[in-house]
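**Student:** predicted structure and sequence below. I'll ask about it afterward.
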Amino acid sequence: MEIKWTPWRMAYIQGEKEEGCVLCRIGAESKDRENMVLCRGERCYVVLNLYPYNTGHIMVAPYAHLADLTDLDVSTSGELIILAQRSLRVLRQEFHPQGFNLGMNLGQVAGAGIADHVHLHVLPRWQGDANFMPLIAGTKLIPELLEETYARLRRAFDLGD
Ligand SMILES: [Zn+2]
């Protein structure tokens, strides 16, 4: 299964990499629509993954530039999970996935794209999605889909869950 995602990952790896930490920048900026930030807490925020494996692929990250889950204090850890729970509710409401993968890639060897700023992936899953993902990955459909997905999820987050 994992290997089917490789072409999309390669597009990301070979694409232009910005200087500095993208999660710190997005957390600090107030361009939420442009950056596809869905929800902000006091210590953590929710953002749509710009290189999604699937529709509605969300990330929850602390504002603080911390590399490891063990670096988070109790309040930050708590809010990370609370925002993950909100993400699950909103994604269920809007996209009716049949399951989810939640996970962290800690360290580059574990597949972390942004290895020095910890973030939790919330990935909705549908039966058979691993088969069509490689087909849509990297096509021009993606940015439009992302904007649609963002608008829909942002509305749901704003309305509360
Ligand atoms: Zn950072």
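**Tutor:** That came through fine.

**Student:** how many neighbours does residue 89 have?
**Tutor:** Neighbour count of residue 89, defined by other C-beta atoms under 10 Å: 14. Just so you know, the C-beta spots here come from the backbone N, C-alpha and C atoms, and that holds for glycine as well.

**Student:** per-residue confidence for it?
**Tutor:** On pLDDT, residue 89 comes in at 97.

**Student:** do residue 49 as well
**Tutor:** At residue 49 the predicted local confidence, pLDDT, stands at 91.

**Student:** what's around residue 29, how many residues?
**Tutor:** Residue 29: 11 surrounding residues under other C-beta under 10 Å.

**Student:** from the ion, how far out is the closest residue to residue 97 other than its chain neighbours?
**Tutor:** Excluding the flanking residues, the one nearest residue 97 by C-beta to C-beta, 6 or more residues apart in numbering is residue 124, at 3.5 Å. Computed as C-beta to the ion, to the nearest Å, the residue 124 to the ion distance reads 25 Å.

**Student:** so residue 124 belongs to a strand, correct?
**Tutor:** Yes: according to DSSP: H, G, I helix; E, B strand; the rest coil, residue 124 belongs to a strand.

**Student:** hmm, it is touching residue 57, no?
**Tutor:** Yes: using C-beta atoms under 8 Å, residue 124 is in contact with residue 57, at 7.3 Å.

**Student:** state the distance from residue 89 to residue 118.
**Tutor:** Using C-beta to C-beta, to the nearest Å, we find residue 89 at a distance of 23 Å from residue 118.

**Student:** check residue 102 too.
**Tutor:** Taking C-beta to C-beta, one finds residue 102 at 14 Å from residue 118.

**Student:** neighbour count winner among residue 124 and residue 57?
**Tutor:** residue 124 (24 against 19).

**Student:** give me every residue that touches the more buried one.
**Tutor:** 54-57, 91, 95, 97, 99-100 (C-beta atoms under 8 Å, 6 or more residues apart in numbering).

**Student:** for it, name its beta-bridge partners.
**Tutor:** Taking DSSP bridges as the rule, residue 124 bridges to residue 100.

**Student:** for it, give its distance to residue 49.
**Tutor:** 11 Å.

**Student:** now do the shared contacts for these two.
**Tutor:** Residues touching both residue 124 and residue 49 by C-beta under 8 Å, 6+ apart: residue 57.

**Student:** the spatially closest residue to residue 69 that is not a sequence neighbour sits in which helix or strand?
**Tutor:** Of all residues not flanking residue 69 in the chain, residue 118 sits nearest, at 5.7 Å (C-beta to C-beta, 6+ apart). Here residue 118, judged by DSSP states H and E, is contained in no helix and no strand.
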